[in-house]
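>>> After the sequence you'll find the predicted model.
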Amino acid sequence: MANRIWTLLTTDIKELCSAEAAEGIGEAGKAAAELAKMFKEQGLDNSNLLLEVLNSPLAQVVGTGLPFVGMAAKLLAFFIEKTQEQPTLAECIFLVSQAAYLESFKGFLEQDENLLNRIGQTPVSDKVKQLLKKLADLEFSDKAAKETVICFRDSILAKEFNLVLSERLEQAGLEGSQAKILTKRVAANTHRYLIEAWAISGDAIKHLGQSSFSEWREEQQQYQSIDEYLEDQIADKPKEKVFAEEFTFKDIYIPLKAKPIDKNGKVNDRATAFDLETWAKDLLADEKKQNLVMFVEAGPGRGKSVFCRMFADWIRQQLHPVWTPVLIRLRDIRTLQKSFRETLKDAVNASFASDDGWLTDKNTRYLFFLDGFDELLMEGRSSGGLEDFLKQVAKFQEACQQSSEMGHRVLITGRTLALQGIERQMPDNLERVQIQVMDYGLQQQWLNKWKTQFGAEKTSAFQNFLQDECCPEQVKSDLAREPLLLYLLAAMHRDGILKVEDFQGTNSTQAKILIYNQAVNWVLTEQRSKLLNRDLTELETEDLRRILTEAGVCVVQSGGECASVARIEERLKADNSVKALLEEAQQRIGDNPLRNALAVFYLQQGSKDGSVEFVHKSFGEFLCAERLKESLEEWTEPGKKGKGFNTKDSDMDWEIYDLLGYGALTAEIVEYLMGLLTTPAGAGEESSFRPVELFKRLEDFYLRWCEGEFIDLLPESLPQKKMRLLREQLKTQDLGQRQIDLYAGLNVMILLFKLHRYGQDRDKLKDQMVFYPCGKLNAEGKLDDASRLLGIIGYGSCVGDSGFLQTVGQYLSGAYLSSANLSSANLSSADLSRADLSRADLSGADLSGANLSGANLSGANLSGADLSGTFGDVKWNENTNWENVRGLDTAVNVPEALRQQLGME
């Protein structure tokens with residue numbers, strides 16, 4: 001545009017160096033003289049734009065130290081004084097935007113010395129000069145100027161400036177993609193300098209109604225708050241030390257690979273694994289996919305949280321402020337608000353989020369990292385917490401795509417198994433991937449980083465350990481390819497704790513348990529000198545371990561990875577031996593021995609009481625499983641003279657509610673628990689696992705639970721007692737009596753189904769350990785209560801529409817459900833492999849995605865049953881028994897392959 005301001009100032013470039021000019025523009029005199037000098041040296045005497053500074057070697061843009069923003073404001077004042085005329089809004093913004101853009105660019109060059117050295121001295125090309133000439137002729141209206149003030153990055157000026165800078169950077173040697181990214185960052189960062197120039201111009205442009213100084217200050221405080229957040233909450237995360245090591249996550253981290261998950265929730269195993277970070281970067285950049293939530297799933301210890309830390313910091317370093325990373329641990333969200341916006345406001349502990357308009361400021365686009373969606377299972381359970389939360393997130397992402405004021409993106413991570421039972425309610429706009437275990441190449445990259453920390457000799461010895469023929473295949477090909485377990489293996493091998501012969505005769509679960517078990521002992525013994533001096537606690541390792549198992553229960557029941565020390569103290573009061581030890585230790589050291597003992601696994605600061613936080617969720621789950629094992633074994637200890645049991649029924653009943661009436665057992669806890677129970681006793685030791693006795697006692701509890709015995713007790717029912725204790729200890733606890741009663745019963749059912757499978761796999765036990773959820777057949781060939789399981793499925797709705805399915809659905813393999821009434825039951829995606837469903841009433845049942853491999857369906861009624869839906873076709877194999885199935889001709893969505901197999905028309 002024909003800019004009168006610049007025309008005046010460049011009429012005679014020599015005047016800018018004169019004393020009169022310097023005096024006339026006050027404090028900007030020296031800067032203007034520097035600018036004039038540089039323009040003249042580069043042959044830019046006849047320049048039409050301040051942006052023509054880019055025609056000079058880029059090193060000079062930094063080297064001169066020109067205060068572009070302050071200078072532009074002073075040049076406006078100089079114009080008014082010289083001409084006694086008021087510039088238009090378009091003229092002001094056209095000049096000030098160039099200064100702000102150059103200030104932003106200069107800031108990035110100053111931050112990256114390597115980049116400046118690489119491109120700093122490159123002369124300008126003719127194409128850049130042509131683009132600048134075109135820019136000088138740009139028609140720029142007051143309307144466009146107003147849009148520029150509101151959001152520079154989306155303005156016409158940003159588009160034109162970016163063309164010039166991107167070409168200049170490419171011509172200076174940057175690759176096209178690098179040049180475009182840096183240009184976008186410069187444009188996104190220009191607004192903070194634009195409002196600064198706009199505000200400090202003062203009286204010179206007050207006729208245009210510019211923002212007041214107080215408004216500018218508020219915006220600057222927002223930017224300052226974001227800067228502080230990024231430095232304190234994002235930049236420091238990769239620098240945190242791994243466990244009690246001296247090295248950091250950054251020192252040992254390697255990029256992960258993933259595979260896509262289809263709409264049915266199935267991983268595409270045929271797809272080639274791709275780099276997870278590259279996938280996320282591509283989705284961020286793809287303008288056609290701004291409505292998609294980036295959804296990263298994986299099992300425990302696969303690197304989800306570390307990926308969030310590392311990638312968030314990469315965004316900070318390489319893409320901010322195009323994207324501003326915000327990292328949220330979902331376990332820290334104690335209450336789900338009515339909308340995701342409100343939940344975000346509560347979750348982000350920074351002043352920039354306290355402003356009501358923080359999400360509608362067009363100049364800031366956030367990338368929200370929501371780490372650990374499985375942690376939300378403990379919150380809002382009575383209202384389907386996770387399901388509702390995912391719907392909120394999906395709706396928010398769609399709103400961001402549709403709104404011109406919000407351009408934010410969401411990346412969420414969590415454990416795949418947490419989605420069990422809610423697959424059908426999953427939003428459509430989730431771009432789902434699953435992190436894969438390390439391939440050979442990634443494992444070698446990790447070992448090279450380990451070698452950097454501990455040398456070639458120790459690393460080579462560890463590699464020999466993994467390659468040893470005595471090292472079980474599941475350790476080599478499975479466990480040693482998971483980031484957390486690989487670290488534990490390497491660290492314990494380094495310290496001489498782990499030997500290859502330790503794994504002989506173990507299966508995969510037992511090998512994993514061995515690693516965690518050794519890891520706990522390792523922290524309590526070998527690493528104890530670094531973390532805890534025995535004089536601080538006066539407790540032996542065994543006592544510390546007992547405390548930690550109780551802490552594990554507290555942490556799991558608290559719904560995350562931490563629990564208050566006060567709650568752990570309260571639970572330990574019931575253990576007389578530990579209570580006596582703690583009291584004795586306190587008298588000796590005059591301090592709280594429990595807090596000191598818990599320091600072994602780190603004491604997280606932040607709450608008044610203090611809280612213990614395990615370094616990884618898996619430790620809490622493992623220790624919780626160990627605590628459950630202790631109780632399950634105690635419940636079957638014979639009483640005096642071999643009569644009855646040491647633990648009375650009433651005591652066991654309460655302990656079941658206390659240990660299991662909090663929420664659903666995770667698949668990992670169940671795996672650890674069964675592995676711990678069934679691990680053979682050592683030489684000369686007697687096994688404490690009495691499977692038949694345990695099965696019988698749990699079965700008796702189940703039958704009484706089905707009758708409502710425990711919820712009907714007076715004056716205080718067991719669910720009511722557990723609810724009272726939870727609410728006293730957890731302020732955010734919202735479970736009612738029904739939910740607690742339900743979870744206690746469903747978790748016992750899980751144990752019964754697992755014990756049933758254990759017994760059926762052993763000839764000596766198969767007749768003694770048969771779980772009949774609906775009772776046994778009576779003399780008339782009918783079940784005690786054919787609708788019992790159907791009633792339990794209905795009861796499950798008190799924690800969500802799929803409460804039963806989400807909690808128990810994956811454990812129905814091998815279940816005895818012959819003649820059961822399951823009419824209209826929701827069994828979608830349930831694992832019914834090898835289940836006995838003979839003569840069962842499955843009319844109207846939803847079996848879409850259910851696994852019926854090896855199931856016995858002879859004589860079953862499938863009238864109106866749905867065999868294919870949101871989660872794909874029902875699964876079956878050659879061992880599935882379809883003999884005399886009734887009603888299949890009226891079933892819905894019968895897969896074509898099944899029709900052909902059964903000869904249906």
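Alright, I've got the coordinates. Numbers count the residues shown, from 1 in each chain.
>>> From here on, just use CA atoms for contacts and neighbour counts.
Will do.
>>> now the lengthiest helix in the chain: mean pLDDT?
With secondary structure taken from DSSP state H, the chain has its longest helix at helix 440-467. Averaging pLDDT along helix 440-467 gives 96.
>>> Distance from that helix to the middle of the chain?
Here helix 440-467 is found 28 Å from its chain centre; the criterion is C-alpha atoms, centre = their mean, to the nearest Å.
>>> which secondary structure elements does it contact?
With contacts taken as 3 or more C-alpha pairs under 8 Å, 6 or more residues apart in numbering; DSSP states H and E, helix 440-467 sits against helix 249-252, helix 473-477, helix 483-494.
>>> and the angle from it to helix 483-494?
Per axes from the mean of the first three to the mean of the last three C-alpha atoms, to 10 degrees, the angle that helix 440-467 makes with helix 483-494 is 40 degrees.
>>> quick one: buried residues of helix 440-467?
442-443, 445-450, 458-459, 462, 465-466 (16 or more other C-alpha atoms under 10 Å).
>>> do stretch 122-129 as well
Under the neighbour-count rule (16+ other C-alpha under 10 Å), stretch 122-129 has 122-124, 128-129 buried.
>>> Filter those residues down to the ones in helices?
Applying DSSP H to these, the entries found in helices are 128-129.
>>> Reformat the buried residues of stretch 122-129 into CSV and put pLDDT next to each item.
Shown next, in CSV, are the buried residues of stretch 122-129 (pLDDT from 0 to 100):
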residue, pLDDT
T122, 76
P123, 74
V124, 74
V128, 88
K129, 85
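>>> how about the closest residue to E668 other than its chain neighbours, what does it touch?
What sits nearest to E668 in space, not counting adjacent residues and going by C-alpha to C-alpha, 6 or more residues apart in numbering, is E621, at 7.1 Å. Shown in contact with E621 (C-alpha atoms under 8 Å, 6 or more residues apart in numbering): 552-553, 556, 668-669.
>>> related to what we said a few turns ago, which of the helices and strands packed on helix 440-467 has the lowest mean pLDDT?
Sorting the helices and strands packed on helix 440-467 by mean pLDDT places helix 473-477 lowest, at a mean of 85.
>>> Buried residues in that one, which are they?
473-476.
>>> that older thread, just the buried residues of stretch 122-129 now: which is nearest K648?
Proximity to K648 was ranked across those by C-alpha to C-alpha; first place goes to T122, at 85.7 Å.
>>> hang on, the earlier thing: adding distance to G303, write the buried residues of helix 473-477 out as a markdown table.
Formatted as a markdown table, these follow (distance: C-alpha to C-alpha, whole Å):
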| residue | distance to G303 |
| --- | --- |
| E473 | 22 |
| Q474 | 19 |
| V475 | 18 |
| K476 | 18 |
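>>> can you pull up the bridge partners for the residue nearest the centre of the chain?
Centroid-nearest residue in the chain: D371, 1.8 Å away (criterion: C-alpha atoms, centre = their mean). For D371, the beta-bridge partners are R329, T413 (DSSP bridges).
>>> who's in contact with it?
D371 makes contacts with 304-305, 308, 327-330, 412-414, as judged by C-alpha under 8 Å, 6+ apart.
>>> Can you say which helix or strand has P260 in it?
Following DSSP states H and E, one finds P260 within strand 257-260.
>>> can you give me the mean pLDDT across that strand?
Averaged across strand 257-260, the pLDDT comes to 98.
>>> In the sheet, which strands lie alongside that strand, parallel or antiparallel?
strand 274-275 (antiparallel), strand 430-435 (antiparallel).
>>> Just put those strands in a markdown table and tack on mean pLDDT and mean neighbour count.
Below are the strands paired with strand 257-260 laid out as a markdown table (pLDDT from 0 to 100; neighbours: other C-alpha atoms under 10 Å):
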| stretch | mean pLDDT | mean neighbour count |
| --- | --- | --- |
| strand 274-275 | 98 | 15 |
| strand 430-435 | 97 | 22 |
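>>> Throw the ones you listed into a markdown table and include distance to E240, thanks.
What follows is the strands paired with strand 257-260, written out as a markdown table (distance: least, C-alpha to C-alpha, whole Å):
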| stretch | distance to E240 |
| --- | --- |
| strand 274-275 | 24 |
| strand 430-435 | 23 |
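>>> what's the closest of those strands to N881?
Closest approach to N881 among the strands paired with strand 257-260 (C-alpha to C-alpha): strand 430-435, 33.4 Å.
>>> Any chance you could give me that closest one in CSV, C-alpha atoms only?
Below are the C-alpha coordinates for strand 430-435, written out as CSV (Å, rounded to 0.1, in the frame of the first residue of the first chain):
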residue,chain,number,x,y,z
LEU,A,430,-11.2,-40.6,17.7
GLU,A,431,-8.1,-41.3,15.6
ARG,A,432,-7.0,-44.4,17.5
VAL,A,433,-3.5,-46.0,17.6
GLN,A,434,-1.9,-48.5,19.9
ILE,A,435,1.7,-48.2,21.0
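>>> What is the distance between it and the centre of its chain?
Taking C-alpha atoms, centre = their mean, one finds the center of strand 430-435 at 12 Å from the center of the full chain.
>>> do the same with stretch 511-529
Stretch 511-529 has its C-alpha centroid displaced from the chain centroid by 26 Å (C-alpha atoms, centre = their mean).
>>> Just give me the neighbour total for the residue nearest to E883 when sequence neighbours are not counted.
Using C-alpha to C-alpha, 6+ apart and skipping the chain neighbours, the partner closest in space to E883 is S858 (4.6 Å). S858 has 19 neighbours, counted by other C-alpha atoms under 10 Å.
>>> same thing with K289?
K289: 14 surrounding residues under other C-alpha under 10 Å.
>>> Run a quick neighbour tally on the residue nearest to it when sequence neighbours are not counted.
Computed as C-alpha to C-alpha, 6+ apart, the closest residue to K289 that is not its neighbour in sequence is L283, at 6.6 Å. A total of 18 residues lie near L283 under the criterion other C-alpha under 10 Å.
>>> quick one, what contacts L283?
Applying C-alpha under 8 Å, 6+ apart, the residues contacting L283 are 289-290, 294.
>>> State the distance from it to L430.
Distance, L283 to L430, by C-alpha to C-alpha, to the nearest Å: 12 Å.
>>> Please enumerate the shared neighbours of the two.
M294.
>>> mind checking pLDDT for the spatially closest residue to K250 that is not a sequence neighbour?
Closest residue to K250 apart from its sequence neighbours, by C-alpha to C-alpha, 6+ apart: P238 at 5.0 Å. pLDDT for P238: 96.
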